[in-house]
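> The following comprises the amino acid sequence and a computationally predicted model.
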Amino acid sequence: MVEKRKELENILKELEKIGDILGSAIVRTDGLLIATGLPTEVNSKAVAAMAAAIVGTSETSVKELEIGKFNQVIVNASDGQYVCIKAGEEGILISLARKGANLGLVLLEMERQAKKITRLIE
């Protein structure tokens, strides 16, 4: 278990190497925090719960609208944005990105790391 936690924390550190990512977290679909690399001023537990709710609602709306399979949620705000993608059936990867971030690069790296997370938590 300790080894898995270290591997998950290393994944978050890898994401931080992308200059546009300010921090990331791995949460369960029920909103519980698995690992965090979010800035210290951020309430990681609250973000985990809210992100799980946003992803759950988005998945439900995608299903109801019959528009395929859920991919990601991107929330844009005046000073930045955050992205939530699934990491397997039970995990969600959240990344906080700076304003004007290259979202293509952010999503590419998040998808790559989500595959690793899936292997570790399922």
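Yep, it's here. Numbering: from 1, shown residues only.
> got the buried residues for stretch 34-45?
Residues of stretch 34-45 classed as buried: 34, 35, 36, 37, 38, 44 (neighbour count, 16 or more other C-beta atoms under 10 Å). Just so you know, the C-beta spots here come from the backbone N, C-alpha and C atoms, and that holds for glycine as well.
> Next step: these restricted to helices.
Secondary structure of these is defined by DSSP state H; positions in helices are residue 44.
> right, and the pair among the buried residues of stretch 34-45 with maximum separation?
Between any two of those, the greatest separation by C-beta to C-beta is 12.4 Å, found for 34 and 38.
> Find residues that contact each of those two.
Each of residue 25 lies in contact with both residue 34 and residue 38 under the rule C-beta atoms under 8 Å, 6 or more residues apart in numbering.
> Pull the helix or strand hosting residue 24 out as CSV, backbone CA atoms only.
Residue 24 belongs to strand 21-28 when elements are defined using DSSP states H and E. Presented in CSV, the C-alpha positions along strand 21-28 are these (Å, rounded to 0.1, in the frame of the first residue of the first chain):
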residue,chain,number,x,y,z
ILE,A,21,-0.1,22.6,-14.3
LEU,A,22,-0.2,24.2,-10.8
GLY,A,23,-1.2,21.1,-9.0
SER,A,24,-3.1,17.9,-9.2
ALA,A,25,-5.0,15.4,-7.2
ILE,A,26,-6.3,11.8,-7.5
VAL,A,27,-9.8,11.2,-6.0
ARG,A,28,-12.3,8.4,-5.9
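> Great, nothing more from me.
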